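Peer 1: Okay, structure incoming, though there's no sequence with it:
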């Protein structure tokens, strides 16, 4: 009888029920910081509508992807995006495009308003780059395509990185903003 009682008492401990709860992951966001937009030139392209933004696999999940020196990728159990990256990045991308002054007007995704051109963004990398020893950087690569009617007007790549000093939101926001600006500068919009 004593053995059954001891087993009954120890069973929850062995199952991990009485231990401390695991730490919940920290949730981070990506947004426009407004710090890197340069003065726009006087000559502006027609209006543009941010039509779509997609994040390619395996970077589209909420857990932050980590690139390791051996070429593998892991997902951080302690740091995650506060929402699926595509939904976070769409707002930040619109803010950067609008503030850049490259276009005469920017129209939000989902708006019923029309624009002269459409903008499509595909994020090909959104990861914490830990491939170099002693370096942790938020890394972003993307392809921006400008569409008029059903034809591609121009396409450009953008990439940027920012050191991570503990604030994943600031690092990923800065890297994404600079990648969008880099692609915008390379688009041929006139």
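Peer 2: Yep, that arrived. Quick caveat, the model's predicted, so the values are computed rather than measured.
Peer 1: can you pull up the bridge partners for the nearest residue to residue 163 once chain neighbours are set aside?
Peer 2: Closest residue in space to residue 163, ignoring its immediate chain neighbours: residue 137 at 5.5 Å, by C-beta to C-beta, 6 or more residues apart in numbering. All C-beta spots, glycine's among them, are computed from the backbone N, C-alpha and C. Beta bridges link residue 137 to residue 129, residue 163 when assigned by DSSP bridges.
Peer 1: what does the average pLDDT come to for stretch 64-79?
Peer 2: Per-residue pLDDT values over stretch 64-79 give a mean of 95.
Peer 1: correction: stretch 163-177
Peer 2: The pLDDT scores in stretch 163-177 average 96.
Peer 1: Okay, buried residues for that stretch please.
Peer 2: For stretch 163-177, burial by neighbour count (16 or more other C-beta atoms under 10 Å) applies to 164, 168-177.
Peer 1: So which of those sit within helices?
Peer 2: Per DSSP state H, helices hold the following members of the buried residues of stretch 163-177: 168-177.
Peer 1: for the chain, what spans make up the helices?
Peer 2: 2-14, 85-100, 168-186.
Peer 1: could the ones you listed go into TSV alongside distance to residue 149?
Peer 2: Compiled in TSV, the helices of the chain are given as follows (distance: least, C-beta to C-beta, whole Å):
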stretch	distance to residue 149
helix 2-14	66
helix 85-100	20
helix 168-186	21
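Peer 1: residue ranges with poor pLDDT in the chain?
Peer 2: Scanning the chain for pLDDT under 70 picks out the ranges 1-21, 35-44, 190.
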